[in-house]
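Would you be able to build a 3D model of this:
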Amino acid sequence: MEEKESTLPEISPEVHPPKKTLRAALSWVLVGLVAFGLGALLILYLLYVPTRQNLSKTDADLKQANAAITEKTGQIATLEAEKQGLQKNLDAVTRHMALIKALAEVRAASQAVAANDYAGARLSLTEASATLDTLSTLLGADQKDVIAAMQKSAAQALADLKTDVKSAQPELDQLTKNLVQLEDSLFPNP
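So this is what the prediction gives:
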């Protein structure tokens with residue numbers, strides 16, 4: 001048998017030594033890292049920084065708006081308290097006006113009785129009764145009995161007018177006295 005010679009191809013020495021290839025690869029990696037870093041910085045300055053500034057401004061605006069809301073809420077509470085005080089004053093003035101109107105009508109009825117004017121006395125007593133009804137709705141439960149007694153007194157004076165005009169005067173005097181006492185108890189003079 002013949003021996004075949006095995007021939008191995010000859011390995012030729014590389015044109016570029018391994019150090020140069022490694023150096024070239026490292027330089028490309030370095031260029032890539034620098035490009036990546038520059039891209040990251042570009043994104044940071046173009047996107048992140050303006051967004052962060054906008055967020056800071058929005059946060060400051062939110063804090064300012066919350067402070068304004070807190071201030072306005074305090075003002076609303078103050079105004080509500082003031083409104084309640086004014087409403088109490090208005091209710092008191094309305095009650096006082098109704099009481100004075102009833103007293104004025106009873107006194108007008110008294111003057112009509114003194115003048116022997118049946119129609120004037122009847123009209124004034126009818127108005128006084130209507131005002132007493134209104135006053136009854138404006139006063140508390142503790143004064144309802146007093147107002148009911150005054151309404152009965154006004155009805156009695158109206159009945160007395162039908163028989164004799166002058167016979168209503170004692171009832172009118174009592175009604176006047178009761179209205180003055182009610183006014184003094186509800187609205188004492190300082």
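
looking at the chain, which helix or strand is least sure?
helix 18-43 (a mean of 84; mean pLDDT, DSSP states H and E).

Quick check, pLDDT for the residue positioned nearest the centre of the chain.
What sits nearest the mean C-alpha location of the chain, by C-alpha atoms, centre = their mean, is Ile76, with 5.5 Å. Reported pLDDT at Ile76 in the predicted model: 94.

tell me the contacts of it?
Under the criterion of C-beta atoms under 8 Å, 6 or more residues apart in numbering, Ile76 has no contact partners. For glycine as for every other residue, the C-beta is placed from the backbone atoms N, C-alpha and C.

does it belong to a helix or a strand, and which?
Assigned by DSSP states H and E, Ile76 belongs to helix 49-114.

Against which helices or strands is the least confident helix or strand of the chain packed?
With contacts defined as 3 or more C-beta pairs under 8 Å, 6 or more residues apart in numbering; DSSP states H and E, helix 18-43 has no helix or strand neighbours.

tilt between it and helix 49-114?
Counting by axes from the mean of the first three to the mean of the last three C-alpha atoms, to 10 degrees, helix 18-43 lies at 20 degrees to helix 49-114.

so how far is helix 18-43 from its chain's centroid?
The chain centre lies 66 Å from the centre of helix 18-43; the measure is C-alpha atoms, centre = their mean, to the nearest Å.

buried set for it?
Using 16 or more other C-beta atoms under 10 Å as the test for burial, helix 18-43 gives no buried residues.

go on, stretch 148-156?
Met150, Gln151, Ser153, Ala154, Gln156.

ok, and the closest non-adjacent residue to the second one?
So that's Gln151. Spatial nearest neighbour of Gln151, chain neighbours left out: Leu132 (5.1 Å); criterion: C-beta to C-beta, 6 or more residues apart in numbering.

Tell me where the model's unsure across this protein.
By pLDDT under 70, the low-scoring segments of the chain are 1-17, 190.

surely Gln151 meets Leu135?
No. Because the distance of 9.4 Å does not satisfy C-beta atoms under 8 Å, Gln151 is recorded as not touching Leu135.

Next up, the contacts around the residue nearest to Gln151.
If you count contacts by C-beta under 8 Å, 6+ apart, Leu132 has them with Ala102, Ile147, Met150, Gln151, Ala154.

would TSV of these with secondary structure and distance to Gly140 be doable?
Below are the contacts of Leu132 laid out as TSV (DSSP: H, G, I helix; E, B strand; the rest coil; distance: C-beta to C-beta, whole Å):
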residue	secondary structure	distance to Gly140
Ala102	helix	17
Ile147	helix	10
Met150	helix	15
Gln151	helix	16
Ala154	helix	21
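
In a markdown table: those, plus distance to Asp184.
Listed next are the contacts of Leu132 as a markdown table, based on distance: C-beta to C-beta, whole Å:
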| residue | distance to Asp184 |
| --- | --- |
| Ala102 | 14 |
| Ile147 | 15 |
| Met150 | 15 |
| Gln151 | 20 |
| Ala154 | 20 |
